[in-house]
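K.L.:
A predicted structure for the sequence below; I have some questions about it.
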2 protein chains.
Amino acid sequence: MASIKDVAQKAGVSTATVSHVINDTRFVAEETKRKVYDAMKELDYRPNSVARSLRSRKSKTIGLLVPILLDDTSNFFFMSIAQGIQSYLKDHGYNLIFSNSNENLKDEIEQIKVLNSQFIDGLIIAPTNHKYDYLQDGLGQDYPVVYIDRQPNIQQGDSILVNNQQGAYMACKYLIKKGHKKIGYISGELGYTTSDERLNGYKEALIETGIDINKHFIKVGISNFQNGYELTKELVENEEITAIFIANNVLSMGAMGYLQEMKVKVPNQIAIIGYDDYDWTKITNPPLTVIKQPAYEIGKKAAEVLLRRIETDNTDSYTEYRLEPELIIRKSC
Amino acid sequence: MASIKDVAQKAGVSTATVSHVINDTRFVAEETKRKVYDAMKELDYRPNSVARSLRSRKSKTIGLLVPILLDDTSNFFFMSIAQGIQSYLKDHGYNLIFSNSNENLKDEIEQIKVLNSQFIDGLIIAPTNHKYDYLQDGLGQDYPVVYIDRQPNIQQGDSILVNNQQGAYMACKYLIKKGHKKIGYISGELGYTTSDERLNGYKEALIETGIDINKHFIKVGISNFQNGYELTKELVENEEITAIFIANNVLSMGAMGYLQEMKVKVPNQIAIIGYDDYDWTKITNPPLTVIKQPAYEIGKKAAEVLLRRIETDNTDSYTEYRLEPELIIRKSC
DNA sequence: AAACGTTACGTAATCGTTTAAATAGGGGAT
DNA sequence: ATCCCCTATTTAAACGATTACGTAACGTTT
């Protein structure tokens, strides 16, 4: 593998000149440039990015740390985000190091340490939402950080979030408009900013319309298929609800599983709105009305904001971006 | 940020000794070790992996290049693979650089170039299946390569594939056992080893049972929801089939979309077997019988094989691993 | 012609490691 | 006392780039 020295030698110039030609960092005569380019081509020279990183303290790679579990559906959201990030980075000459915290604090801290010794120029992270202040040490000093999806407990970076409250609000308002007054609510565990905000949206919609909030209509559980099934069952069998809003995609699937199995007529018997617009929501019986989160756009935006921080050492105070969800109306309500 | 020099100075030893303590590469007296560890702790020293990579020509990161499109369902398979890889690498102190070729040759070559200048220790790639011999240059000389899912046209690395023929064979055999003789077949574009092999499995099952192959029963199209819908429609409306095997997950979803919309009775009117065991297949009406591919296991295996190549500079001839698919029986046939 | 500015490029230090080669110091064996 | 051999450690040269400085050559001004 040819190094810059080989190129310099072949072109009859110094390594400094070669470097300046490559990076266009100072004037070099056309004639000289040509000789350098020729030498580079002839030797099939490719700059060694590790050496470059060592010297310049920039790596042109950014880290991504997401909390995905080995469960089909939940990953989708973060994968779409990852694609958005990837796509933006690619266009700007950056690379992506991909890590997973498994929704687990210990793994998360571990992965951050690994990333810290990897010379990343920036980090995009969907924090596991525990109460620890672990973020304080190790994060945000060496490189900019952008938080996605969930608000961090300590704001030392920009964040790209979805307007979760608005999402739930829209869904419930729509159900109310359709005449529903007894609306069940199924959510993943609370304590995450996402689920907390969505619950607020539900309450806001009801209160605004003068509907009392019935605690028994609100079901919360760990996000998995089985729970979606169970919580829906509880709601349908024990409460007199006419509609359910499920504020989580995995639970939505479990819910549809139950309704399908029990042959519950949707939307006549019970109207349903689910969360996240995945393809499968188009082929349920009936196709599912959902709140769509702009996942790909979150990724793009996160990458954009991060690169801006990296490339202009902008120290403006951190801002919180909120992307708007969308109500996709199908046949389930 | 403290460097190895600072540690050496504080511990009153040379950098060489510190390095040997860190890497356990030669004997160091207990007493000296202790001083070094103390100094490291006090300075919160973390080795600079970039400098380390530069010197040792190892980066402890491997690249992953997958062909995913901005389409919900198809990504799932590769994402599961990515998780399998991630998980294995994490346990062995490696990192993952994640790239996407968008199922597009130009992007693929571009990304390989980027990776080549990134000092990866190895690469796992699901090649876009074009006829070009692009793989020849740039791949396989600097680091080991493992191919996944699709067989490369040039074998310069191990490959981890699924026994696609067996998958299709099992599905069709099962349909035949259920008494079907007129079995439609829907596939994504041919020319990929995956789809070609599956088609062979279909033919094998029919021929073995003495059923003639009817060309009109075989429908091929680009893998997207709409095509799944259309091809199913063609088959149902124009041919007298009693069952369909759809050898592709995106098309399977489109197929279910059509059947659902047209209220075709599954399996009485038409029996269905789809491809890939995603959660959504459990909540269709009826739940879908599918061929399950061991995606996560492919990832694990790929990482395992790759790391073995990296860590023992094994130059044994390349081997092709075939993982077995599984028939998951539900209610659709 | 001396003094100086400009232009175009070269020299060498530097980033933080690893590692081959050199070395210091202590203990036998002679 | 001399020599030699171990052992534990140090010295210093890489790795391949970037970049602060230095400088040669030539033109312009006085």
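P.N.:
That came through, no problem.
K.L.:
from here on, just use CA atoms for contacts and neighbour counts.
P.N.:
Noted.
K.L.:
in the worst-scoring helix or strand of chain A on mean pLDDT, which residues are buried?
P.N.:
Least confident helix or strand, chain A: helix A:105-116 with a mean of 84, by mean pLDDT, DSSP states H and E. Residues A:105, A:107-109, A:111-112, A:114-116 are the ones in helix A:105-116 that count as buried (16 or more other C-alpha atoms under 10 Å in any protein chain shown).
K.L.:
for A:Y134, give me the pLDDT.
P.N.:
Looking at A:Y134, its pLDDT is 57.
K.L.:
same question for A:I329.
P.N.:
At A:I329, the pLDDT value in this model is 98.
K.L.:
tell me how far it lies from B:I183.
P.N.:
36 Å (C-alpha to C-alpha, to the nearest Å).
K.L.:
look at the two and report which has more neighbours.
P.N.:
Comparing A:I329 with B:I183 by other C-alpha atoms under 10 Å in any protein chain shown, the one with more neighbours is B:I183, at 26 against 15.
K.L.:
report how many residues lie close to the residue of the stretch 101-250 of chain A found nearest DNA strand C.
P.N.:
Nearest to DNA strand C in the stretch 101-250 of chain A, going by C-alpha to the nearest atom of the strand, is A:S117, at a distance of 8.8 Å. Number of residues near A:S117 (other C-alpha under 10 Å) recorded here: 13.
K.L.:
contacting residues for A:S99?
P.N.:
By C-alpha atoms under 8 Å, 6 or more residues apart in numbering or on different chains, A:S99 lies in contact with A:63-66, A:111, B:86, B:95-96.
K.L.:
up against DNA strand D, what does chain A have?
P.N.:
Counting by C-alpha under 7 Å from any atom of the strand, the residues of chain A close to DNA strand D are A:1-5, A:15-17, A:19-20, A:22-23, A:46-49, A:51-52, A:54-56.
K.L.:
repeat that for 10 Å
P.N.:
Counting by C-alpha under 10 Å from any atom of the strand, the residues of chain A close to DNA strand D are A:1-8, A:14-26, A:45-58.
K.L.:
quick one: the helices in the stretch 1-150 of chain A?
P.N.:
Along the stretch 1-150 of chain A, counting by DSSP state H, counting those that start in this stretch, helices occupy A:4-11, A:15-23, A:30-43, A:49-56, A:75-91, A:105-116.
K.L.:
any idea which of those helices gets closest to B:K33?
P.N.:
Of all those, helix A:105-116 sits nearest to B:K33, with 23.1 Å by C-alpha to C-alpha.
K.L.:
what helices or strands is the closest one leaning on?
P.N.:
Applying 3 or more C-alpha pairs under 8 Å, 6 or more residues apart in numbering or on different chains; DSSP states H and E, one finds that helix A:105-116 contacts strand A:61-66, strand A:95-100.
K.L.:
work out for me the element A:S159 sits within.
P.N.:
If you go by DSSP states H and E, A:S159 is part of strand A:158-162.
K.L.:
got a pLDDT number for the residue sitting furthest away from the middle of chain A?
P.N.:
In chain A, A:G12 marks the outermost C-alpha relative to the chain mean, sitting 49.9 Å out by C-alpha atoms, centre = their mean. Per-residue pLDDT puts A:G12 at 95.
K.L.:
okay, and the closest residue to A:A205 other than its chain neighbours sits in which element?
P.N.:
Among residues not flanking A:A205 along the chain, A:Y169 sits closest, at 5.3 Å (C-alpha to C-alpha, 6 or more residues apart in numbering or on different chains). Element membership for A:Y169, per DSSP H and E: helix A:164-177.
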